[in-house]
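1. sequence isn't available, so here's the structure alone:
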């Protein structure tokens, strides 16, 4: 009887689209940029923010640490010469603060549409056009269909899309690839990962914010007379 | 016999030199024989585009033609048919017929007079457009003559250039033939005969031209009859004839034309000079208020503009489209570009986008396009490694500002001022900035400070949810321009965890929130 020929077994581990359970976090489909926080990096697929998809950051009010969360990645991308697009921020991004943080103001684009209907259009255009560049969008009420369009636009343009929404939308489902909530507590950021592709959500991450204005060790009085 | 003793040192020979007749000695420079032969200057190569039915096609573009139609040309006072459309040709009308004969054949024939000015205008515009292929473009009889020897290397050879010209010309919806020859007249004759030849060699010219019939050439009828009389029907019969006899009988001019065609006589063609500004005008035959119907004429005008910009190596930063109406004033649409450009796709994208938002009060009868603000635009050198270019973002900025308005799409820059509300300015995107400040400032700034009730500094105040973390920082400045401030700034932490940047006015002792930290 002829011996059965040995078929080579395909390496299941290397097939794309296979969910590997806990080990999924090590594999990423898209390019990523490190978030700047090690604890967060360890829990995200590809160890960072993924290009080509939309990340949703939910927070109570502006100033609860959502910008601080993404700031290290913005600084790294700004060093590489990428343009930074802000669409409909709640108040004015203060140039001296941004420049002191290390962002290149000559590559900053501030888009403030007057009509609500133009918000979505402007966000889609920016996401489509930006290659490996961050696009920060502030939008409150955004139906799932609109979020899906933004997700597709980010994939088409290979851009880092971050949409900031109020915390009350945490319960409504959203097609964004990554969903986080963030809040501030003293000099720390409290992050909950609600949804992440290829990994389990995590709760109550504490990230030490070195750039926080609260620094208990330093208390000073400054008087500037001009 | 003694052996001849040969000394080691030969004795000097004393010879009496006889005076020799002086020879002309041409001293050659060292190395001349080994020098490479000088390259012969490349001979000119002419690419000629002959428009076979220019008059009729221009007429069809400018007027609504229904039914058989012909163009007449007065030939010594007798109107003769110059060109006709298909329907007229089917009914038996031929070129050269007198008008009376044509009308007797076809009483319903629609007749227009030939407009040489319209044809020469169209040829001039085509010549300006063709300047993108070579700077030496001249205009001939219903033909464009391009001297392309110097452009061959850029366009990758004569065949590639001819195909490029052919495909680009098809956008104008005119029928044409292209021929290439070393002399302009030969190329013109070959194109007129619809022979798509591509000749490189002057020696081959007589053979190629030989089979052309004499009726093709634009010579006098009487002259052609005379030549037919001696049995010459084709050009090769003429080339065989003795020269001086030919000149005597048929005119020195005729001989000169033949010589120019074969390459024995020079043929100087004056190149066309492009205009300083670009203007284009189109009449809309079927008046409409629907701007989408204007796509085709606008695309044609932008195509002409593209050719003009390429030939003059310029770019535009502003474009003005005037939509003409019958009784109402013109609607003017201005399209501006972030930087000087001649990218055809970008220009047409932006114009299309801009027109989407325009509403016209009355039907449009015509469009004019004026390109002002022309500036020299050199070709850009590419980088070896593709990097994130500014151009993608310039396109995005233009697209956004066209739809949202320029004040909605801005950049930010710092100003050297201690007053927080003056320390920034809205600007066009891409502005280079100065030194950053060394103080810690909040990432979000309220344009108008919000009032804060109570006094956070007081221990037992109602504002127990605010806790002062850092401060005070006194900023007292701005006395020189009536915007003087005198404030003490503090960083306060809310119970929710947010950090606010608050200040107290020293004069009024009121508290305000200036901004929020990220």
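-> That came through fine. Treat the numbers as computed from the prediction; the structure is a model and nothing was measured.

2. how about the helix or strand hosting residue A:40, which residues are buried there?
-> Secondary structure from DSSP states H and E places residue A:40 in helix A:38-43. Under the neighbour-count criterion of 16 or more other CB atoms under 10 Å in any protein chain shown, helix A:38-43 has A:40, A:41, A:43 buried. In short, each C-beta sits where N, CA and C put it, glycine included.

3. check contacts around the second one.
-> Pointing back at residue A:41 there. With contact taken as CB atoms under 8 Å, 6 or more residues apart in numbering or on different chains, residue A:41 is in contact with A:34, A:35, A:47, A:48.

4. likewise for the first one?
-> Contact criterion CB under 8 Å, 6+ apart gives A:191, A:205, A:207 as the residues in contact with residue A:40.

5. not counting its neighbours along the chain, what's nearest the second one?
-> Think residue A:205. residue A:191 (4.3 Å; CB to CB, 6 or more residues apart in numbering or on different chains).

6. please pull out the lowest mean pLDDT helix or strand from the chain.
-> Unless you meant another one, I'm taking chain A. One helix or strand of chain A scores below all others by mean pLDDT, DSSP states H and E: strand A:222-225, with a mean of 30.

7. I was thinking of chain B, sorry if that wasn't clear
-> strand B:424-427 (a mean of 73).

8. does it come close to chain A?
-> Yes. Strand B:424-427 reaches chain A (CB under 8 Å from any CB of the partner chain) through B:424, B:426.

9. give the buried residues for that strand.
-> Neighbour-count burial for strand B:424-427, counted by 16+ other CB under 10 Å, picks out B:424, B:427.

10. quick check: next helix or strand after that strand?
-> strand B:444-452.

11. could I get the full set of strands for chain A?
-> A:32-33, A:49-50, A:53-59, A:84-87, A:92-93, A:108-111, A:134-138, A:160-166, A:178-185, A:188-196, A:202-208, A:222-225 (DSSP state E).

12. and the contacts of the first one?
-> Outside of strand A:32-33, the residues that reach it under the criterion CB under 8 Å, 6+ apart are A:44, A:45, A:46, A:47, A:48, A:49, A:50, A:51, A:73, A:76, A:77, A:160.

13. closest approach to chain A from the stretch 251-400 of chain B, which residue is it?
-> As assessed by CB to the nearest CB, chain A sits closest to residue B:396 within the stretch 251-400 of chain B, at 4.1 Å.

14. what is the burial count for the residue nearest to that residue when sequence neighbours are not counted?
-> Closest residue to residue B:396 apart from its sequence neighbours, by CB to CB, 6+ apart: residue A:129 at 4.1 Å. The local packing of residue A:129 (other CB atoms under 10 Å in any protein chain shown) involves 22 other residues.

15. for residue A:129, list the residues it contacts.
-> When contacts are counted by CB under 8 Å, 6+ apart, residue A:129 is found next to A:157, A:159, B:392, B:393, B:395, B:396, B:399.

16. okay, the angle between the host helix or strand of the fourth one and strand A:134-138?
-> By that I understand residue B:393. Taking DSSP H and E as the definition, residue B:393 sits inside helix B:390-404. Orientation check (axes from the mean of the first three to the mean of the last three CA atoms, to 10 degrees): helix B:390-404 against strand A:134-138 gives 20 degrees.

17. what lies in contact with helix B:390-404?
-> A:83, A:85, A:109, A:111, A:113-114, A:118, A:121-122, A:125-126, A:129-131, B:335, B:337-339, B:346, B:349-350, B:353-354, B:357, B:408-409, B:429-430.

18. chain center to that helix, what's the gap?
-> On the basis of CA atoms, centre = their mean, to the nearest Å, helix B:390-404 sits 22 Å off its chain's mean C-alpha point.

19. helix or strand right after that helix?
-> Next along from helix B:390-404, by DSSP H and E: strand B:409-414.

20. what about residue A:64, how many neighbours?
-> Neighbour number of residue A:64 under other CB under 10 Å is 27.

21. residues contacting it?
-> The neighbours of residue A:64, taking CB under 8 Å, 6+ apart as the test, are A:182, A:183, A:184, B:496, B:497, B:498.

22. can you report phi and psi for it?
-> Residue A:64 has phi and psi values of phi -90, psi 20 when expressed as degrees, to the nearest 10.

23. so where is the chain shaky, pLDDT-wise?
-> Using chain A here. Low-confidence segments of chain A, defined by pLDDT under 70: A:1-30, A:215-226.

24. ah, no, chain B please
-> Looking at chain B by pLDDT under 70, you get B:1-37, B:378-391, B:429-437, B:458-464.

25. top helix in it by residue count?
-> Across chain B, the longest stretch assigned as helix under DSSP state H is helix B:295-312.

26. quick one: distance of the very next helix or strand once past it to the chain centre.
-> Downstream of helix B:295-312, the next assigned helix or strand under DSSP H and E is strand B:314-325. With CA atoms, centre = their mean as the basis, strand B:314-325 stands 15 Å off its chain's centre.

27. could you do stretch B:324-338 as well?
-> 23 Å.

28. now stretch A:97-112
-> 17 Å.

29. quick revisit: which of the contacts of residue A:41 lies closest to chain B?
-> Scanning those for proximity to chain B, where the rule is CB to the nearest CB, the winner is residue A:35, at 14.8 Å.

30. which single one of the contacts of residue A:64 is nearest to residue B:376?
-> Lowest distance from residue B:376 to those (CB to CB) belongs to residue A:182, with 51.5 Å.

31. number of nearby residues for the closest one?
-> 23.

32. thought residue B:279 was touching residue B:372?
-> No. With contacts counted by CB atoms under 8 Å, residue B:279 stays clear of residue B:372, the gap being 9.7 Å.

33. what residues of the host helix or strand of residue B:57 count as buried?
-> For residue B:57, the host element (DSSP H and E) is helix B:54-62. The neighbour-count check on helix B:54-62 (16+ other CB under 10 Å) flags B:54, B:55, B:56, B:57, B:58, B:59, B:61 as buried.

34. and the fourth one, how far is that from chain A?
-> According to CB to the nearest CB, to the nearest Å, residue B:57 stands 41 Å off from chain A.

35. ok, and the closest non-adjacent residue to that residue?
-> residue B:174 (5.3 Å).

36. quick one: the one you found and residue B:51 touch, right?
-> Yes. Residue B:174 is within contact range of residue B:51, at 5.5 Å (criterion: CB under 8 Å).

37. any common contacting residues for the two?
-> Shared contacts of residue B:174 and residue B:51, defined by CB under 8 Å, 6+ apart, comprise residue B:57.
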